[in-house]
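Undergrad: Sequence first, then the predicted structure, then my questions.
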Amino acid sequence: MPPKLIGPYRVMETLGSGGVGTVYRALDRRTSDPVALKLLSAGPALDTRAARRLAREYETLADLSHPNVVRVFDVGVFQGYPYLVMELIEGLTLRNYLNLRGADLLSPSGSFSTPRSRSLPDDFDSWSDEDEAASHADDDDEESGPSPFNLSAFSEEEPSEDMSLHAGAESVRALADAADEPDTGELEAFEEPLEVPDPKVQLVERRIQEARTEDLNRPERMGKLKDAMLQVCEALAYIHGHGLMHRDLKPSNIMVDEDRQVRLMDFGLAKFLADDAGLTADGRMVGTFRYMAPEQILGEPLDARADLYSLGVILYELMTGRTPFDAKTPSALWQQVLEVEPAPILGINLKGDPQLARVAHKLLRKEPDDRFQTAEEVYEALAE
Ligand SMILES: Nc1ncnc2c1ncn2[C@@H]1O[C@H](COP(=O)(O)OP(=O)(O)OP(=O)(O)O)[C@@H](O)[C@H]1O
């Protein structure tokens, strides 16, 4: 049960939960203004010193004002846990915004609903105990609970066909059986036909893949993606210009409102929750490994270029449907981030935009010096 009152704010409903807390829609009882309130319940309760530090950190954020940066109104402490009050964004996270399909928007009753699709499965469930301590750091992307917002501004999106994007072997085989291809009967000679590549299955898999990349490359989706990325660059240029870093940039920290205006959220939070090496007081890492730059994983001093690496992961993911690196354990993931080159975007999405792919790969360079050096440079390259 969510609390009814947090400081002077009346909690109306839960908007979603992430790795470090829960976000509520709330009303400021003094003004009746609607706000979003993020209660950080992941760490240990704050002592007075930490509470004062929180207030200091957010004095800086409260002064920021940019159309692509979420406004921070207030901070406080509730039963020992810090909370942050910010602008309520009536919209969707970037991932859901770019996954929208007509079929997702209209519920059977005809009312609008939030799409629940996720572009990545959370395959980190099977971590070993030793990985457990770090596991929360990748508990991203949970966008739970229905949106209370009217999403009619997004409804012009054309419904796309059901492409069975995550069709398992069984459904692929069923589709193959139904495919209008002549049966060669060749498989009957084998005792274990499943080990032999079935041309019909391969054909259907190829068609699914083609349909999937066609969906990723829809001109309307690509236009939205590029526009959103440009706005994120403007937001990053602004906060970097103020000497701040985001440190936890990922698709669930970017929201798009009904006017397609992008808002960057949660910057600075990772810094407040962690020390310079990115560790919380109880030794856990703050941030999301899949989006973290190599130097961030290594606990090295960071600058704005670490945010640009995260931007590269986001762009890569939005162009291919998967992050550049993925593994079953954090240590395997770190090894990839530190040592492995990402698979070429255009090898996964054959008809992807070459210019955007080039930008993403340059952002993903392991050495900060080899990346774009500023968000302005990225903006220029995207706008070309
Ligand atoms: N200012 C806001 N206005 C409207 N909805 C919001 C706002 N901030 C967050 N939300 C919603 O609440 C959800 C949870 O946000 P939260 O920041 O807790 O999670 P997260 O970003 O997925 O994870 P993390 O805590 O690791 O950053 C978001 O996915 C979003 O749907």
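TA: Nice, I can see it.

Undergrad: what's the distance between residue 61 and residue 199?
TA: 58 Å (CB to CB, to the nearest Å). In this view, the C-beta of every residue, glycine as well, is placed from N, C-alpha and C.

Undergrad: If you count surrounding residues, which of these two has more?
TA: residue 61 (22 against 13; other CB atoms under 10 Å).

Undergrad: Surely that one and residue 72 touch.
TA: Yes - the criterion here is CB atoms under 8 Å, and residue 61 meets it with residue 72 at 4.4 Å.

Undergrad: Same question for the residue of the stretch 151-300 of the chain found nearest the ligand, what's its three-state structure.
TA: Nearest residue of the stretch 151-300 of the chain to the ligand: residue 252, at 3.5 Å (CB to the nearest ligand atom). At residue 252, secondary structure determined by DSSP: H, G, I helix; E, B strand; the rest coil is helix.

Undergrad: likewise residue 205?
TA: For residue 205, the assignment made with three-state DSSP gives helix.

Undergrad: Any idea how many residues pack against it?
TA: The tally of other residues near residue 205 (other CB under 10 Å) stands at 17.

Undergrad: quick revisit: count the residues that sit near the residue of the stretch 151-300 of the chain closest to the ligand.
TA: With other CB under 10 Å as criterion, residue 252 counts 21.

Undergrad: And the pLDDT at it?
TA: We have a pLDDT of 87 for residue 252.

Undergrad: cool, and the one 5 residues further on?
TA: The predicted local distance difference test score for residue 257 is 94.

Undergrad: can you list the residues of the stretch 151-300 of the chain near the ligand?
TA: Within reach of the ligand by CB under 6 Å from any ligand atom, the stretch 151-300 of the chain has these residues: 252, 253, 265, 266.

Undergrad: From these, keep the buried residues only.
TA: 252, 253, 265, 266 (16 or more other CB atoms under 10 Å).

Undergrad: For my notes, please list those residues in CSV and give distance to residue 357 for each entry.
TA: CSV is the format used below for these (distance: CB to CB, whole Å):
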residue, distance to residue 357
252, 23
253, 23
265, 27
266, 27
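
Undergrad: between those, which is nearest residue 245?
TA: Residue 245 lies nearest to residue 266 out of these, by CB to CB, at 11.9 Å.
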